[in-house]
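Trainee: just coords:
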């Protein structure tokens, strides 16, 4: 599956979340840190949902950019 992540913040203080997985968040000092940590957070989140017998949400969020 391919989940969209949203990264916010500025140099030295980034955070990220997954719109399709409420509660799945992470933070880091660099974009690489937050991206790597988010990959792990998604895996742990999905593993926890499976262990709890919860359905795994299909990714539905779409991301587009508008050039101004």
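Mentor: The structure has been received and is ready for your questions. Keep in mind the model is a prediction, meaning the values are calculated, not measured.

Trainee: from here on, contacts and neighbour counts on C-alpha atoms
Mentor: Will do.

Trainee: which residues of the chain fall in strands?
Mentor: Secondary structure of the chain by DSSP state E: the strands cover 6-10, 13-17, 25-28.

Trainee: quick one: mean pLDDT over the first one.
Mentor: Yep, that's strand 6-10 we're talking about. Strand 6-10 carries an average pLDDT of 95.

Trainee: so what are the sheet partners of that strand and their directions?
Mentor: Strand pairing for strand 6-10, using DSSP bridges, gives strand 13-17 (antiparallel).

Trainee: just the buried residues of the partner strand, please?
Mentor: Neighbour-count burial for strand 13-17, with 16 or more other Cα atoms under 10 Å as criterion, is recorded at 14-17.

Trainee: excluding chain neighbours, what is closest to the residue nearest to the spatial centre of the chain?
Mentor: Central residue of the chain (Cα atoms, centre = their mean): residue 18, 3.5 Å from the mean position. Computed as Cα to Cα, 6 or more residues apart in numbering, the closest residue to residue 18 that is not its neighbour in sequence is residue 5, at 4.7 Å.

Trainee: ok, now which ones touch the one you found?
Mentor: 16-19 (Cα atoms under 8 Å, 6 or more residues apart in numbering).

Trainee: make it 10 Å
Mentor: 16-21, 24-25, 35, 38-39, 42, 61, 63 (Cα atoms under 10 Å, 6 or more residues apart in numbering).

Trainee: can you check residue 26 too?
Mentor: By Cα under 10 Å, 6+ apart, the residues touching residue 26 are 7, 14-18, 33-42.

Trainee: what do you get for residue 54?
Mentor: 46-48.

Trainee: Serialize these to CSV and add fields for neighbour count.
Mentor: As requested, these are exported to CSV (neighbours: other Cα atoms under 10 Å):
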residue, neighbour count
46, 17
47, 14
48, 12
